[in-house]
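S.K.: Provided below for reference: sequence and predicted model.
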Amino acid sequence: MIQQPTDPATVEDDDDALPPDLEAEPGPGALHTAEAGPEAAGLRLDKWLAEALGDPGLTRSRLKQLIDEGRVTLDGRTLTAADASRKIKAGQTAAVAVPPPDPAVPEPQDIPLAVVFEDAHLIVVDKPAGMVVHPAAGNADGTLVNALLHHCGASLSGIGGVRRPGIVHRIDKDTSGLLVAAKSDAAHQGLAALFARHDIERVYTAVVWGVPVPRKGTITGNIARSTANRQKMAVVKSGGKPAVTHYQVTAPLAGGTALVTCRLETGRTHQIRVHMATQGHPLVGDPVYGRSRNVGRRGLSEAQAAALKGFGRQALHAGVLGFVHPVTGEALRFESALPEDMADLVDALRP
């Protein structure tokens, strides 16, 4: 749903007291398979799996959880929560991917950080695309948390828990840009309160397919995890969490694409990616919410077509982060230029 254009004085990001921009996606693990014999016909899927696998750790409740996380397939189709009670047919084959256990405490790792601001209470970094914010299934190390533990040492706030010390918010693995982390518990509590009150300014730059109409407006729609694919989020008619994205077309680009600025009033998982996709304007390069585009018939030069085809991530960059310092009261606002890959893409597509 697109509302009439607005001019919010302040735009912020929240999800709850500790607002995530992303939830950990299911990662690979030990694979268990089972084929249903004639005796299994008519049994509930979760009951049959628990008996067929014979693993004491894979109880019916654990299997239901794995189904809900999108880690169970039946005849190659990923199951959803509603499938736990479905009846099995003889000859059907199920596969269960059990994630490996996460380490209890992330290890400090000497990973370069682009530090934009740092004092005794907090640190603002410019995260590169490809870096996960904190350890999760499938991403045990090499994360921003591992780098922060090495850089900040014992000063990193522990309120976020052992797996995400100092982390107050997150951005997607393949989204680049600004992120603030807490070094003291006072800063962590204060930042969490700012997010909860929507007192954080966050502005993203995106390259999308198509030129949104109107060129300035607001997209609304509650967001929840998709029932069809647990690794995706979706706009839902009921339930979910309210989500508001203010957008403005900065410039139409070649090939039926556009440079768009998005200001977050809320910060739900994959919010910009989901909201733009529901309007028919998915982000260029988005492997989850985008779709294959034929760039050969769009009047593009060879270089422009190559730039679009070769862009390997969602074209999204967290370019502005503004907030009042939770301890000193100082107004802070940071800007990050487009990373090289997005800058090259935009330059290539300029008419």
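M.R.: Everything's here; your move.
S.K.: centre of the chain to whatever helix or strand Thr33 lives in, how far?
M.R.: In the assignment (DSSP states H and E), Thr33 maps to strand 30-35. Centroid separation for strand 30-35 versus its chain: 29 Å, with C-alpha atoms, centre = their mean, to the nearest Å.
S.K.: average model confidence for that strand?
M.R.: When pLDDT is averaged over strand 30-35, the result is 89.
S.K.: okay, now the sheet partners of it, with direction.
M.R.: strand 93-98 (antiparallel) (DSSP bridges).
S.K.: centre of the chain versus the strand it pairs with, how much separation?
M.R.: Its chain's average C-alpha position is 25 Å from that of strand 93-98, according to C-alpha atoms, centre = their mean.
S.K.: go on, stretch 72-89?
M.R.: Distance of stretch 72-89 from its chain centroid, counting by C-alpha atoms, centre = their mean, is 25 Å.
S.K.: what's the burial count for the residue nearest to Lys87 when sequence neighbours are not counted?
M.R.: Spatially, and ignoring its direct neighbours in sequence, Lys87 is nearest to Gly42 (5.4 Å; C-beta to C-beta, 6 or more residues apart in numbering). Quick note: C-beta positions are derived from backbone N, CA and C, even for glycine. Number of residues near Gly42 (other C-beta atoms under 10 Å) recorded here: 10.
S.K.: quick check: Gly42 is in a strand.
M.R.: No: going by DSSP: H, G, I helix; E, B strand; the rest coil, the assignment for Gly42 is coil, not a strand.
S.K.: check the gap between it and Lys89 for me.
M.R.: Counting by C-beta to C-beta, to the nearest Å, the gap from Gly42 to Lys89 is 8 Å.
S.K.: equivalent analysis for Gly319, please.
M.R.: From Gly319 over to Lys89 (counting by C-beta to C-beta), the distance is 52 Å.
S.K.: can you check Glu118 too?
M.R.: Counting by C-beta to C-beta, the gap from Glu118 to Lys89 is 59 Å.
S.K.: what of Gly158?
M.R.: The gap separating Gly158 from Lys89 is 50 Å, by C-beta to C-beta.
S.K.: who's in contact with the strand holding Thr33?
M.R.: Strand 30-35 is contacted by residues 48-49, 52-53, 55, 58, 91-98, 100 when judged by C-beta atoms under 8 Å, 6 or more residues apart in numbering.
S.K.: Gly177: which of the residues you listed is nearest?
M.R.: Pro100 (29.5 Å; C-beta to C-beta).
S.K.: could you report the pLDDT at the closest one?
M.R.: At Pro100, pLDDT is 69.
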